[in-house]
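Enquirer: What shape does this take:
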Amino acid sequence: MPSSMSPLLRFLFTLIATAASRVLAAVMCNKFPQLCRVKSSPGPDCCKKACTNVKNDRKNCGACGHKCRAYEICCKGNCVNPMFDKKNCSGCGIKCKKGGYCLYGMCDYA
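Expert: This is a model prediction of the structure:
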C-alpha cells in the first residue's frame, strides 16, 4: 500500500482487504484451516466452514457444535453461568474473593 494514499483511501483499502479475507476464510476454511489463523480472522478454529474461536464462541464452546444454554457464556472453552459462577462472575475470568460467592452476577451480593 503506497504511503502517499490519503487516510480515507487507506481506511477503505484496509476495510475491503479485511472483508475479502473473512469471506475467503469462511468459504475455504474446511479445506484450508490455516486461513483461520490470519490476523483479521474471527478465530483460529474452523467449524462448519466458518472461522471461530472455540474458547469463547457460545455456538462452538470447547468443540465445534457444542452450544451453551441461553443463560450461559463460553469462557476458556467451558459453558458457565455468569450469574452464579464465582470464577466467572458477570464475565469470563472475574473471580469473587476466596470464600465469597456470586449471586446475580455480583460477588458477595447482599
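Enquirer: The residue positioned nearest the centre of the chain - nearest residue in space that isn't next to it in sequence?
Expert: In the chain, the residue lying closest to the centroid (CA atoms, centre = their mean) is Asn56, at 4.5 Å. Excluding its sequence neighbours, the residue lying closest to Asn56 (CB to CB, 6 or more residues apart in numbering) is Cys74, at 5.1 Å. Just so you know, the C-beta spots here come from the backbone N, C-alpha and C atoms, and that holds for glycine as well.
Enquirer: what's the answer for Cys102, then?
Expert: Cys89 is the one closest to Cys102 (CB to CB, 6+ apart), at 3.7 Å.
Enquirer: in which helix or strand would I find that neighbour?
Expert: When elements are assigned from DSSP states H and E, Cys89 belongs to no helix and no strand.
Enquirer: And it, how far from Gly99?
Expert: To Gly99, Cys89 is 14 Å away according to CB to CB, to the nearest Å.
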